[in-house]
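**Student:** turn this into a structure:
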Amino acid sequence: MFNKDDQDWLDILAGKEVPGADPNTVVEAEQLRAALIARSLEEDPGPQPSQTEIDAFIDRARREGLVAPPQKIKPGSRRRRLSGGLSGLALAASIILAIFLVPPWIGQPPDGSIPPDLVPKSHVIPQTMAVTDPRQFVSRLQNSLTGLATNWQVTPMEDGLRVRAKLSENSKDALAEHGLDFPYEGNLELIITTAAPSHTHSSEKTQASP
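**Tutor:** Numbers count the residues shown, from 1 in each chain. Below is the predicted model of the structure:
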């Protein structure tokens with residue numbers, strides 16, 4: 001029932017690297033994952049479900065037709081569409097399963113510290129930003145981080161750019177000037193989308209002109 005795009009989405013939601021995945025799928029899954037992680041940090045997770053309870057949940061989902069048995073899954077048989085392809089109950093089931101699978105300690109605690117022995121090395125929560133000119137923003141960011149960042153990767157997306165870089169500890173002030181936080185272990189991952197231009201400033205200038 002799942003095609004490659006579906007599987008890529010699920011793998012990214014689980015925190016895996018998926019080379020070659022559709023950029024829109026990557027953004028969608030990573031933003032949902034970041035939201036789930038943030039929510040898990042805000043709330044008391046309470047008693048965690050046992051493996052028996054998880055198995056019972058999956059069995060019930062299969063009986064309701066929400067999850068197909070493994071042997072019946074055929075790649076390419078269905079396109080995932082959150083707006084209509086999945087029923088509300090199926091989407092709720094997928095989010096509940098994601099919450100079960102995402103440990104409550106992964107993410108950024110309120111004090112900004114992360115226990116290094118608890119966070120996997122590959123775990124990076126992307127920062128997002130909307131600007132009128134993504135390429136110009138990246139150019140300014142790179143200039144500000146001259147000598148403070150290595151391994152730059154700038155990847156075009158449908159509506160912006162994905163930026164990755166390895167930052168030094170001394171880059172915190174430069175990042176703050178651009179409204180960015182210093183990422184865990186200096187592994188910057190930034191998704192920059194194109195924002196609609198604002199006409200507020202131009203109208204104010206017109207009114208102020210004699």
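**Student:** can you show me the strands along the protein?
**Tutor:** 127-131, 149-157, 160-167, 187-194 (DSSP state E).
**Student:** which stretch among these comes nearest residue 51?
**Tutor:** strand 187-194 (32.2 Å; C-beta to C-beta). For every residue, glycine as well, the C-beta is placed using N, CA and C.
**Student:** what helices or strands is the closest one leaning on?
**Tutor:** Judged by 3 or more C-beta pairs under 8 Å, 6 or more residues apart in numbering; DSSP states H and E, the packing partners of strand 187-194 are strand 127-131, helix 134-144, strand 149-157, strand 160-167.
**Student:** could you rerun that using 6 Å?
**Tutor:** strand 127-131, strand 160-167 (3 or more C-beta pairs under 6 Å, 6 or more residues apart in numbering; DSSP states H and E).
**Student:** dump the ones you listed to TSV, plus distance to residue 179.
**Tutor:** Formatted as TSV, the helices and strands packed on strand 187-194 follow (distance: least, C-beta to C-beta, whole Å):
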stretch	distance to residue 179
strand 127-131	7
strand 160-167	14
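**Student:** pick the most deeply packed of those.
**Tutor:** With neighbours taken as mean count of other C-beta atoms under 10 Å, these reach their highest mean count in strand 160-167, at a mean of 20.
**Student:** which residues sit against it?
**Tutor:** When contacts are defined by C-beta atoms under 6 Å, 6 or more residues apart in numbering, strand 160-167 is touched by residues 134, 138, 149-155, 186, 188-194.
**Student:** and stretch 23-33, by the same measure?
**Tutor:** Here stretch 23-33 has contacts from 5, 8-9, 12-13, 126, 157-158, 191, using C-beta under 6 Å, 6+ apart.
**Student:** still on that earlier bit, is it possible to get JSON lines of the helices and strands packed on strand 187-194 that adds mean pLDDT?
**Tutor:** Formatted as JSON lines, the helices and strands packed on strand 187-194 follow (pLDDT from 0 to 100):
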{"stretch": "strand 127-131", "mean pLDDT": "89"}
{"stretch": "strand 160-167", "mean pLDDT": "91"}
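**Student:** which among the strands of the chain is found nearest to residue 180?
**Tutor:** Nearest of the strands of the chain to residue 180, taken as C-beta to C-beta: strand 127-131 at 5.9 Å.
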